[in-house]
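Novice: whatever this is, show me its structure:
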Amino acid sequence: MMKFEGGNIFSITFSNQDSLLEIADKLLENNDFNLKLMSRMPPRRLLEHIDISKIELFWLTERDTEYSMPPNLESINREIISSKNVDETIIIIDGFEWLIDLHGKENILNFINDVSDRLHGSKVRVIFPIDELSFDSVWISRMKKIVRHINLDIPVSNFKEFEESTDISIQKESPREQMEFDLGVDGAPRLSILSRLPQTGFTQALLVKRILQWRRMGLDV
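Specialist: Residues are numbered from 1 along each chain as shown. Okay, here's the model as predicted:
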């Protein structure tokens, strides 16, 4: 079982952008946590994957827009530390390797060390993806002295929140569970994702979730 304690920084093995956003989408299902996402991806692209109305979004860019944040370590550090006064917060930093390219490995280590010290005892968790094979073993070893690394090659169902009372379980559906085919009145195949939208208990949140699933399949909705 993977556990996340507040006041810590965690790294996860980066595989691809969709996998990371899938984790963020699953975390959104738990309303007990404030979720912040710092990403290189613009909001209009993120809309294809997650419901950004439920998160505090920071687009890491030099552009001056509603969601933008300069991709400098001072701005990121300031936002992370300001979250200490907010209960149960998870901050995902997407594009972490890009930040390393921008600022250098030594500056990133100093940044991680400073954030780790200042978050101690808080309820804030910082998660960033990284491909360890892209860096030398000495630097990775130094980084792991500061952060807790989580290998997501294990079943993602083991990815859980630290507090037992608010466990988050992330499970990948099999392709059979993700899509079902049945026949319409004209005899043509009809695609339904997971299940039909119910008339009873229908909510806007359910509709948004279904639209995001359709978009991931490449449907224009």
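
Novice: can you show me the strands along this structure?
Specialist: Secondary structure of the chain (DSSP state E): strands located at 8-13, 34-39, 56-60, 68-69, 89-93, 124-130, 148-150, 179-183, 189-193.

Novice: save these as a markdown table, and put in mean pLDDT too.
Specialist: A markdown table is the format used below for those (pLDDT from 0 to 100):
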| stretch | mean pLDDT |
| --- | --- |
| strand 8-13 | 87 |
| strand 34-39 | 92 |
| strand 56-60 | 94 |
| strand 68-69 | 94 |
| strand 89-93 | 92 |
| strand 124-130 | 90 |
| strand 148-150 | 80 |
| strand 179-183 | 42 |
| strand 189-193 | 45 |
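
Novice: once you drop chain neighbours, what's closest to Leu27?
Specialist: Setting aside the residues directly before and after it, Leu27 is nearest to Leu35 in space (C-beta to C-beta, 6 or more residues apart in numbering), at 5.6 Å. No exception for glycine: its C-beta is placed from N, CA and C like everyone else's.

Novice: mind checking how far the one you found is from Ile112?
Specialist: From Leu35 over to Ile112 the distance is 20 Å, taken as C-beta to C-beta, to the nearest Å.

Novice: show me the shaky parts of this protein.
Specialist: Regions of the chain meeting the criterion pLDDT under 70 cover residues 1-4, 15-16, 30-31, 151-221.

Novice: okay, now the domains of it?
Specialist: Residue ranges of the domains in the chain are recorded as 8-166, 175-216, according to automatic domain parsing.

Novice: contacts for the longest helix anywhere in the chain next, please.
Specialist: Selection of the longest helix in the chain by residue count, based on DSSP state H, yields helix 105-119. The list of residues contacting helix 105-119 from outside it, by C-beta atoms under 8 Å, 6 or more residues apart in numbering, reads 7-9, 73, 76-77, 80-81, 84, 99-100, 103, 126, 135, 139, 142-143, 146-147.
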